[in-house]
Structures are given as structure tokens and as C-alpha cells.
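Q: return atomic coordinates for the entry below.
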Amino acid sequence: MAFLNGLYLLNWGEATSHGYQLVRRVGAPANHNAIHHFKLLPLQYDAIASLIDHHLARVISYLESTGELDNTLVLFMSDNDAEVKLLEVLPAMAGVPPVQVIREFYNNELEHLGNVDSFVWHGPRLACAATAPSKGYKAQASEGGIHCPSSEEVYEGGRQDVTGWELFGRRAIQRGKWKALYQLAPLGSDKWELYDLSRDAGEVHSLAGQEPAVLNTLLVEWELYSTETGLYLPEQ
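A: Below you'll find the model as predicted:
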């Protein structure tokens with residue numbers, strides 16, 4: 001982290017100017033209207049990102065020198081993004097809803113954010129904005145919590161494969177374009193919903209009432225999936 005020493009002592013204007021000059025130096029197109037004041041990430045996280053860039057460049061250079069670059073897939077993997085809250089603090093909450101603790105013990109007024117007694121988190125609205133047009137966010141069985149990119153040109157899965165999910169009682173089962181989704185309120189309707197993802201990727205309009213046969217077929221698949229995986233649901 002030594003090469004970043006002093007960077008986080010800059011004021012907002014200096015930080016903005018520094019970032020802008022850095023972008024110009026590496027050849028990015030200048031856009032004066034896109035420069036905004038911003039908070040820099042903590043030093044350690046910036047150092048991690050910088051080291052990733054540095055060592056990835058070493059890997060790419062090696063692949064180029066050996067003639068293997070065009071025959072190599074570089075894949076970055078991460079957890080599903082757009083989390084609502086800081087999960088690492090949940091054990092300290094002792095079963096109390098985080099919102100209640102934050103309202104009682106922290107000051108999240110806009111001008112106060114970043115101080116030691118503020119508790120900044122994304123919140124559900126920003127999390128949903130980050131996963132749009134998918135529905136929901138991390139830890140949900142809706143598309144915003146489970147939808148991941150695929151190397152389609154490299155691999156194409158079977159169109160009729162059945163895939164199941166379950167986390168914290170939130171569950172889903174999918175075959176082809178049809179997906180059955182069950183989530184408790186307020187995340188869901190407390191009953192199985194049915195979506196045609198080829199027409200409704202945002203899971204807005206449930207077709208459970210219009211396509212009961214399709215839903216029943218998926219629920220049979222769910223029971224099979226649940227049995228095969230030894231799934232233990234909260235109500236059990």
C-alpha cells in the first residue's frame with residue numbers, strides 16, 4: 001500500500017482533480033461534464049484492486065509472449081453483488097433488526113455520513129437499482145439474487161435441464177423458460193409464483209393462475225429436487 005500513501009489525505013477537490021488527471025494520463029476520453037466529487041474507497045481496497053490490475057497485466061503479457069492469449073479464457077468470479085446490508089455485522093445485532101439498531105445508535109444524516117458514528121449501507125432501493133432489470137438482490141431466489149453471466153459461445157446448457165435454488169426458505173425451480181418462485185412477504189406473495197423468463201425477465205407478472213399445469217409440473221420437479229438434495233426447509 002506504500003504507493004498509495006497520501007492519496008486519502010486529499011480533500012474532495014484535490015481527489016477529483018487527481019482522478020481526472022489519472023484518467024487523462026492513461027488515455028481515456030475526457031468528459032468534463034462527468035467529473036463529480038466522490039469519496040475514495042478505503043486504502044486497502046484500492047490497493048487490492050491496483051494489485052489485481054498489476055498481476056493480471058503480468059498474466060496477459062505472459063500469454064501474449066507464449067502465443068496462448070487467443071486460446072485462453074480469463075474469467076473473474078465473485079459473489080452475487082448488490083447486497084442490502086453489511087452481513088458481517090449481523091452477529092453483533094443479537095437478533096435485533098439492523099434498521100432498528102441503526103436508527104437508535106447511529107446518525108445517518110447526509111452531512112454526517114462517513115463519521116465514526118454513521119452506519120452506511122446500500123438499502124433495498126439502491127440494491128434493486130443495481131440489479132435492474134432483474135428482480136430483487138442478493139440472498140433472494142428471484143433473478144436479481146441468482147442471475148449470473150454465461151460463456152454462451154463456449155458452453156450452452158441443455159434447454160430442458162432442471163435447476164433448483166433454496167436459501168433462507170426462499171426457493172425456485174426452473175426448466176427452460178419457465179421458473180416457479182416462492183418467497184415470503186414482503187419479498188414475495190407467500191405462495192408459488194410462475195414466470196416466463198423469455199417474456200418477463202423481471203418477474204413482474206406471475207402466470208400461476210393462467211398456467212396451472214406448468215406450475216404443477218414444476219412443483220413436482222421441486223419435490224424431487226428437495227428430496228434428492230436433502231433440503232430442510234424452515235417450516236419443517
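Q: so the closest residue to G123 other than its chain neighbours, which state does it fall into?
A: The shortest distance from G123 to any non-neighbouring residue, by CB to CB, 6 or more residues apart in numbering, is to V84 (6.3 Å). The C-beta positions use only the backbone N, C-alpha and C, and glycine is treated the same way. What DSSP: H, G, I helix; E, B strand; the rest coil gives for V84 is coil.
Q: quick one, what contacts V84?
A: Residues near V84 by CB atoms under 8 Å, 6 or more residues apart in numbering: 121-124, 127, 137-138.
Q: filter these down to the buried ones.
A: Neighbour-count burial (16 or more other CB atoms under 10 Å) is assigned, among those, to 121-122, 127, 137-138.
Q: of those, which is the nearest to D200?
A: D200 lies nearest to Y137 out of the buried ones among the contacts of V84, by CB to CB, at 18.2 Å.
Q: these two touch, right, the closest one and E83?
A: Yes. Between Y137 and E83 there is a contact at 6.8 Å, judged by CB atoms under 8 Å.
Q: between those two, what contacts are shared?
A: Common neighbours of Y137 and E83 (criterion: CB under 8 Å, 6+ apart): A127.
Q: which element is R58 on?
A: Using DSSP states H and E, R58 maps to helix 43-66.
Q: pull out the buried positions in that helix.
A: A47.
Q: hey, which helix or strand in the protein has the poorest pLDDT?
A: When the helices and strands of the chain are scored by mean pLDDT, DSSP states H and E, helix 90-93 comes last with a mean of 58.
Q: can you lay out the buried ones among the contacts of V84 as JSON lines showing secondary structure and pLDDT?
A: As requested, the buried ones among the contacts of V84 are exported to JSON lines (DSSP: H, G, I helix; E, B strand; the rest coil; pLDDT from 0 to 100):
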{"residue": "W121", "secondary structure": "coil", "pLDDT": "73"}
{"residue": "H122", "secondary structure": "coil", "pLDDT": "71"}
{"residue": "A127", "secondary structure": "helix", "pLDDT": "79"}
{"residue": "Y137", "secondary structure": "coil", "pLDDT": "87"}
{"residue": "K138", "secondary structure": "coil", "pLDDT": "85"}
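Q: which of those lies closest to A213?
A: Y137 (31.4 Å).
Q: tell me how far that closest one lies from W222.
A: 23 Å (CB to CB, to the nearest Å).
Q: in which helix or strand does Q174 reside?
A: With elements taken from DSSP H and E, the one containing Q174 is strand 170-175.
Q: partner strands of that strand, parallel or antiparallel?
A: strand 162-167 (antiparallel), strand 178-182 (antiparallel) (DSSP bridges).
Q: show me the contact partners of the next helix or strand along the chain from the last one.
A: Elements were assigned by DSSP H and E; along the chain past strand 178-182, the next helix or strand is strand 193-196. Contacts with strand 193-196, where a contact means CB under 8 Å, 6+ apart, come from 177-182, 203, 205-208, 211, 214-215, 218.
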